[in-house]
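Asker: Prediction below, plus the sequence it came from.
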Amino acid sequence: MLDSNNGNGSSTTFTGTVHPAVEPKQTASGRAAGKVLHIQFRLNKATENTVQYREVAQPGQPKVAGTFYLQKWVVPQPYPDLITVTVSIPVGVDLAGRS
């Protein structure tokens, strides 16, 4: 999912909305059903073939992704100042990637 705001009051929505950084999901039994991270990135620069975004750290939280690159052909122009990337972590996988 990717949301963007080009800074001039208009926005482009690919899919999704802005959410808290981590949303733990639960099944009916109360067990964890995976996590969904919604990470905001701010436009940093355009390179020859890509648009580079830097993660916007949430207050009191460490960064989880750092830098994010998108191919220029997929990013609308003018390039959005802010985007939100959604990552789903399946059941049985912790944030360090161990099963």
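Answerer: Nice, thanks for sending it over.

Asker: how about A57, phi and psi?
Answerer: Recorded main-chain torsions at A57 are phi -70, psi 140, according to degrees, to the nearest 10.

Asker: and it, how many neighbours?
Answerer: 13 (other CB atoms under 10 Å). Every residue, glycine included, has its C-beta placed from N, CA and C.

Asker: pLDDT value on it, please?
Answerer: Note for A57: predicted pLDDT of 91.

Asker: Would you confirm that it contacts G66?
Answerer: No. Checked against CB atoms under 8 Å, the pair A57 and G66 is beyond contact range at 10.1 Å.

Asker: biggest strand in the chain, by residue count?
Answerer: Across the chain, the longest stretch assigned as strand under DSSP state E is strand 32-46.

Asker: Buried residues, that one. List them.
Answerer: Applying a neighbour-count criterion of 16 or more other CB atoms under 10 Å, one finds K35, V36, L37, H38, I39, Q40, F41, L43 buried in strand 32-46.

Asker: partner strands of that strand, parallel or antiparallel?
Answerer: When pairing is defined by DSSP bridges, strand 32-46 lines up against strand 22-26 (antiparallel), strand 50-55 (antiparallel), strand 82-89 (antiparallel).

Asker: Among the buried residues of strand 32-46, which pair sits farthest apart?
Answerer: Distances among those were taken as CB to CB; the most separated pair is K35 and L43, at 26.3 Å.

Asker: do you know how far R54 is from G34?
Answerer: Distance, R54 to G34, using CB to CB, to the nearest Å: 26 Å.

Asker: Likewise for T50?
Answerer: From T50 across to G34, the span is 29 Å (CB to CB).

Asker: With Q77 instead?
Answerer: Distance, Q77 to G34, by CB to CB: 35 Å.

Asker: Please apply the same query to Q58.
Answerer: According to CB to CB, Q58 and G34 sit 20 Å apart.
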